[in-house]
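> Give me a model of this one.
(one chain, ligands or ions: 2)
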Amino acid sequence: MSGQKHGPVYGRVALIGLGLIASSMFWAMKRAGLAGEVTGYARSAETRATARRIGLCDRVCDSAQEAVQDADLVVLCVPVGAMGPVMEDIAPLLKPGATVSDVGSVKRHVIDAVQPHIPEGVHFVPAHPLAGTEHSGPESGFSELFDNRWSLLVPVEGTDPDATARLRALWEGMGANVDEMDADHHDLVLAVTSHTPHLIAYTMVGVADDLRRVTDSEVIKYSAAGFRDFTRIAASDPTMWRDVFLTNKDATLEILGRFTEELFALQRAIRTGDGEHLHDYFTRTRAIRRGIIEAGQDTDAPDFGRGQKK
Ligand SMILES: NC(=O)C1=CN([C@@H]2O[C@H](COP(=O)(O)OP(=O)(O)OC[C@H]3O[C@@H](n4cnc5c(N)ncnc54)[C@H](O)[C@@H]3O)[C@@H](O)[C@H]2O)C=CC1
Ligand SMILES: O=C(O)C(=O)Cc1ccc(O)cc1
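Ligands and ions are numbered 1, 2, ... in the order given. Presented below is the predicted three-dimensional model:
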């Protein structure tokens, strides 16, 4: 499907928040002709000016209300903590039969914050593309971001199956593989696979920075691939990640608790010279990596920040 002309799935799509994900959605929708017209709104005048300059969106509007007028699909592409307030602002202008979706990295909080503002006759289908980079802003997007990556749909109780099917067609047209998942399960899975790993990367880079004596030149000069991956991840947008941890609090605390228990056990093994424990542990984790590769699920290119390729 990716890269092919597909034909419109929605007449008019509105993107609210014009950063990495919205700009990648715009270029991916254009690539396959998935939308008749795409309007866009971002809070800052500077972002709107950049969007106009680079041709991001068919029409950039100066208010969210203007952007959503007559839209068949509205996608909230703002940090998770901003989803509720943005939804409240646009609610009175949504047309009956329209669908509201989002791309937030946390689902339970977004559902609780957004759903109360969804007007009668408007559908709500939360979503989360499992694709991104450490870059942000309107110039960071590219049309291939979602190719062969998962996008999870998290329909809420009573969601119209036709609205869900149409959103699925959009994500598939943008190159993604689509699955459906319950919100709480999503938040726990993502706490393991994405949120806690990001926190560990932030911590590791912070520790290196605390040891400035060592890091001033050597960390950069001698950094091996593992640490370089940490620095890439730790360069991700601070607002976005602050909101992820504030809103997926229970699941990340649960996983962090387990993580620290295992870390203490490994620390003890190092202190007591328990090589068997270390060897067994590393053998188990190696098998997991090999399982991912054998299942053909290692879709991440090593260079996540592939830059702009439209
Ligand atoms: N960056 C990533 O790798 C991924 C991010 N996500 C989710 O996608 C959403 C957007 O993330 P990115 O595109 O990476 O962020 P970004 O930082 O590139 O863009 C966010 C945009 O929202 C705007 N914005 C912030 N608050 C706003 C408000 N109150 N009203 C209107 N606009 C506002 C910002 O000015 C910016 O244009 C977040 O909820 C994030 O959790 C999902 C998958 C991957
Ligand atoms: O850049 C990376 O390593 C990522 O993990 C991208 C990413 C970030 C946040 C998400 O909710 C989904 C994907």
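> How is the chain partitioned into domains?
10-181, 185-294 (automatic domain parsing).
> What parts of the stretch 101-250 of the chain come near ligand 2?
By the rule Cβ under 6 Å from any ligand atom, the part of the stretch 101-250 of the chain lying against ligand 2 is 105, 130, 131, 132, 133, 134, 194, 233. Any C-beta I mention is one placed from the backbone N, CA and C, and that applies to glycine too.
> which of those are close to ligand 1?
Within these, those near ligand 1 by Cβ under 6 Å from any ligand atom are 105, 132, 133.
> Switch those over to JSON lines; also include neighbour count and distance to residue 268.
Shown next, in JSON lines, are these (neighbours: other Cβ atoms under 10 Å; distance: Cβ to Cβ, whole Å):
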{"residue": "105", "neighbour count": "25", "distance to residue 268": "34"}
{"residue": "132", "neighbour count": "22", "distance to residue 268": "36"}
{"residue": "133", "neighbour count": "20", "distance to residue 268": "37"}
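> Closest to residue 120 out of these?
The closest of those to residue 120 turns out to be residue 105 (Cβ to Cβ; 28.7 Å).
> Then that closest one would be within a helix, right?
No. Per DSSP: H, G, I helix; E, B strand; the rest coil, residue 105 lies outside any helix segment and is coil.
> residue ranges with poor pLDDT in the chain?
Applying pLDDT under 70 to the chain flags the ranges 1-5, 213-217, 297-310.
> cutoff 90 now
The chain contains residues with pLDDT under 90 at 1-7, 205-229, 287-310.
> Around ligand 1, which positions in it sit nearby?
Along the chain, the residues adjacent to ligand 1 under the rule Cβ under 6 Å from any ligand atom are 16-22, 42-44, 47, 77-80, 82, 86, 103-105, 129, 132-133, 136-137, 237, 240.
> taking those residues one by one, which sit in strands?
If you go by DSSP state E, the residues of the chain next to ligand 1 have 16, 129 in strands.
> these two touch, right, residue 247 and residue 111?
No. With contact defined as Cβ atoms under 8 Å, residue 247 does not count as touching residue 111 (10.9 Å).
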